[in-house]
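**Student:** model this:
(one chain, ligands or ions: 4)
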Amino acid sequence: MIAAGGLLAGSTVIGLLPTMAGASSHREAPLILGDPLVDNTDVYAFSSPENSDNVVLIANWSPFQEPIQGPNFYPWAEDAEYLINIDNDGDAVADLIYRWRFTTEDQRGTDTFLYNNGEVTSLDDENLLYRQYYTLDVSTDGGATYGAPIAEGQASPSYTGPASMGTSQEYVDNLRTPAEAEVDGGGRTLTTQTEDPFFLDIRVFDLLYGGDLSETGQDTLAGYNVNSIVLEVPKSAVAIGNDAAANPVVGVWATTTRPTLRDADGTAADANTGFTQVSRLGQPLVNEVVVPTGLKDAFNSISPDMDAAAADGAVVDRVLDPEVPRLIETIYGVPAPPAPRYDIFEVFLTGIVTNGVVDVDGDPNTPNPVDVDLNSQALNAAADPAAFQPSEMLRLNMSITGPTGLDMQPLEQASRLGVVGGDIQGFPNGRRLADDVVDIEILALEGISNVDMIPADRQAAFDALKGGDLVDSNDNAFSGTFPYIAGPNTQAVNKGGGSGAGGTDTAGGNGTPVKPAPAPAPAATPAPAAAPAPAASQPKAAATQPKAAATQSQANGYPRGGVETGAGGFEDTLVPALTGSAALLLIGAGAGSLIRGRALRRTSGTPGA
Ligand SMILES: [Ca+2]
Ligand SMILES: [Ca+2]
Ligand SMILES: [Ca+2]
Ligand SMILES: [Ca+2]
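**Tutor:** Ligands and ions are numbered 1, 2, ... in the order given. Presented below is the predicted three-dimensional model:
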């Protein structure tokens, strides 16, 4: 009972609602498009399914990596800083910054253009001519100074093809697992190429799925790779006072910096004295669809503590009156929930919290839209609520260690819809790899916070949009063990002809060639791994989707990975083994501390639901 009351106000629990729809952060702002090596794509934060004392943080960069590429492939930028930031007291200033920096050992010189000149079967294989190494260190003063390295190691190389590196599983066995490094103080880290774990139909940006929901069901990112940093550390390492029981909530965001002064070749100038933040990412899709285009570059450059004041509050204004529901109203005739959207404000900028702890609308007499305590740092016993600063970041209550229902009981199966699907372990309480964030956000934006409790005036919206993008799961299976992500894709994404207009002697392509198709590219020789077209499996997702909305316990279940060419997954992907009393004990510990730390205010209604 304590557990139930602490984190969630008993039966009032509703789901939550993040925001916007779009494509995580793969092409979110104009400026960073020109610098893909330091472009953040996604951030994940979840309790380790392997060890409930640990938290897993995953940050990805460098979007749309075609597996068949060359000769330079996808390096980490040498003079950039790749950062994972933690704010555990809620003032929107990083209390911990984990920093990865890379060096390169390039043996190609003037002799060859080849990344490798033979089969590569180990990290120190003499045939591997391009190697990158990293150091990981930590700042506890906002980045002013860093301590001694807590991990060092070699980055897994880019996958260069089946002849060079074998199958995706062979890449994992030979070149990824050996690159895992222990972290001083506990935990592990890994820097590697991986298949892109984000899944969605990006045609949400083509007038919201084509204007008639016809453009859905294809995982646009299927088949592509990204560069990934995985960090698993004890929860105590990121909690205030190293006490994750009393202070279980952390805010997480990833950033990248470049030298402030650079020479024409892009490297740091001799006179360079500092680094400038060029990319930032917390919750998925925020920069894409919340921040107006004119502010996107600025958003990438600021710290969360500047969110509220930036551009005269334009970011906050946009959260309170988001564009997507109005677009949906225009295109699909589904009335938008009325602004101001304090429900969206709560999810994005404060974390789910009760009015008595953080009053999201500034009126102490009105309960918060989702008036339960779940994942605001203000809930931490050692946090000072007066110093709390609304800001955009991914917030995780680390005390929830397995799929957990609204009644605080363990669930047999996680929900891909996270909290909206009745599973408070998932997004927007942190983000698991398989959380279907686009569908969650669309439902939330439409004022639907719990698919099992749809307000009468939102039923039409639900009926129209419950299918989401009809992409329910990733094209590769995730793993229940470190590093959780799959191996890199190994097949060419491009499997069709052209579809551009303008020529006179050939018909349009896109699967309907009139003239003989061009000769296959020599590089795209048949690879050993079985590789159904990424899109081919998606119509099945479409078929099952409506059930997902209707019957949470089944179709809402966590997605299975697909087949494709990435390595790495068990059938039961992220569903942690930890259930039952152990999970409840941990939850109870966290909840108990919250109760002691704050006078919780509970309301029995479900306002705003
Ligand atoms: Ca802080
Ligand atoms: Ca994928
Ligand atoms: Ca209020
Ligand atoms: Ca989806």
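
**Student:** And for residue 154, the neighbour number?
**Tutor:** Per other C-beta atoms under 10 Å, the neighbour tally for residue 154 reads 18. Backbone N, C-alpha and C define where each C-beta goes, glycine included.

**Student:** Pull the contacting residues for it.
**Tutor:** 123, 131-134, 179 (C-beta atoms under 8 Å, 6 or more residues apart in numbering).

**Student:** one more time with 10 Å
**Tutor:** Neighbouring residues of residue 154 by C-beta atoms under 10 Å, 6 or more residues apart in numbering: 105, 123-124, 128, 131-134, 175, 178-179, 181, 191.

**Student:** quick one: low-confidence parts of this protein?
**Tutor:** Counting by pLDDT under 70, the ranges of the chain that qualify are 1-31, 289, 503-609.

**Student:** Residue numbers of it in contact with ligand 4?
**Tutor:** Residues of the chain lying close to ligand 4 (C-beta under 5 Å from the ion) are 436, 438-439, 468-469, 471.

**Student:** one more time with 8 Å
**Tutor:** Selection of the chain residues close to ligand 4 by C-beta under 8 Å from the ion yields 199-201, 416, 436-439, 468-472, 541, 545.

**Student:** Just the buried residues out of the contacts of residue 154, in PyMOL syntax.
**Tutor:** To isolate the buried subset of the contacts of residue 154 in PyMOL, counting by 16 or more other C-beta atoms under 10 Å, use the following:
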select buried, resi 123+128+131+132+134+175+179+181+191
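
**Student:** what's the most distant pair in the contacts of residue 154?
**Tutor:** Pairwise distances across the contacts of residue 154 peak at 17.8 Å for 128 and 181 (criterion: C-beta to C-beta).

**Student:** all strands for this structure, in order.
**Tutor:** 40-47, 54-65, 81-87, 96-106, 130-139, 151-154, 181-182, 188-195, 225-234, 249-259, 275-281, 394-397 (DSSP state E).

**Student:** which residue ranges form the helices in the stretch 201-350 of the chain?
**Tutor:** Per DSSP state H, counting those that start in this stretch, the stretch 201-350 of the chain carries helices over the ranges 207-208, 235-238, 286-289, 293-301, 314-320, 323-332, 342-345.

**Student:** could you dump those helices to TSV with mean neighbour count and distance to ligand 3?
**Tutor:** Formatted as TSV, the helices of the stretch 201-350 of the chain follow (neighbours: other C-beta atoms under 10 Å; distance: least, C-beta to the ion, whole Å):
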stretch	mean neighbour count	distance to ligand 3
helix 207-208	17	32
helix 235-238	22	30
helix 286-289	26	23
helix 293-301	17	27
helix 314-320	21	14
helix 323-332	17	22
helix 342-345	24	8
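
**Student:** so which of those comes closest to residue 492?
**Tutor:** Closest approach to residue 492 among those is made by helix 286-289 (26.8 Å; C-beta to C-beta).

**Student:** Could you check how far the closest one is from the centre of its chain?
**Tutor:** The chain centroid and the centroid of helix 286-289 are separated by 13 Å under C-alpha atoms, centre = their mean, to the nearest Å.

**Student:** And stretch 129-149, by the same measure?
**Tutor:** 22 Å.

**Student:** for stretch 119-128, same thing?
**Tutor:** Worked out by C-alpha atoms, centre = their mean, stretch 119-128 lies 32 Å from the chain centre.

**Student:** buried set for it?
**Tutor:** In stretch 119-128, counting by 16+ other C-beta under 10 Å, buried: 120, 123, 125, 128.

**Student:** Restricted to helices, list those.
**Tutor:** Secondary-structure check on the buried residues of stretch 119-128 using DSSP state H: no residue lies within helices.

**Student:** Contacts only, for the closest residue to residue 254 other than its chain neighbours.
**Tutor:** Using C-beta to C-beta, 6 or more residues apart in numbering and skipping residues adjacent in sequence, the residue nearest residue 254 is residue 59, 3.8 Å away. Counting by C-beta under 10 Å, 6+ apart, residue 59 makes contact with 40-45, 82-85, 98, 100, 226-231, 252-256, 281.

**Student:** do that again at 6 Å, thanks
**Tutor:** Residue 59 makes contacts with 43, 84, 229, 254, as judged by C-beta atoms under 6 Å, 6 or more residues apart in numbering.

**Student:** My guess is the second one contacts residue 55. True?
**Tutor:** I take that to be residue 84. No. The pair residue 84 / residue 55 is not scored as a contact, 11.1 Å apart, by C-beta atoms under 6 Å.

**Student:** between those two, who's got more neighbours?
**Tutor:** residue 55 (29 against 24).

**Student:** Tell me the spacing between that one and ligand 4.
**Tutor:** 25 Å (C-beta to the ion, to the nearest Å).

**Student:** Likewise for residue 186?
**Tutor:** Distance, residue 186 to ligand 4, by C-beta to the ion: 35 Å.

**Student:** next one: residue 192
**Tutor:** 25 Å.

**Student:** That residue: neighbour count?
**Tutor:** Neighbourhood size, residue 192 [other C-beta under 10 Å]: 26.

**Student:** I'd say residue 116 and residue 161 touch.
**Tutor:** No. In this structure, residue 116 is not within contact of residue 161 by C-beta under 6 Å, at 9.1 Å.

**Student:** List the contacts of residue 48.
**Tutor:** 54, 56, 232.

**Student:** So in terms of bridging, what pairs with the last one?
**Tutor:** Counting by DSSP bridges, residue 232 forms beta bridges with residue 56, residue 188.

**Student:** That one touches residue 58, doesn't it?
**Tutor:** No. Using C-beta under 6 Å, residue 232 is not in contact with residue 58; the gap is 9.2 Å.

**Student:** Compare those two (neighbour count), which wins?
**Tutor:** Legend: neighbour count by other C-beta under 10 Å for residue 232 and residue 58, higher for residue 58 (25 against 22).

**Student:** excluding its backbone neighbours, what's nearest that one?
**Tutor:** Spatially, and ignoring its direct neighbours in sequence, residue 58 is nearest to residue 44 (4.1 Å; C-beta to C-beta, 6+ apart).

**Student:** Now do the contacts for the one you found.
**Tutor:** 58, 431, 433 are the contacts of residue 44 under C-beta under 6 Å, 6+ apart.

**Student:** Enumerate the beta-bridge partners assigned to the second one.
**Tutor:** Bridge pairing for residue 431 (DSSP bridges) gives the partners residue 45.
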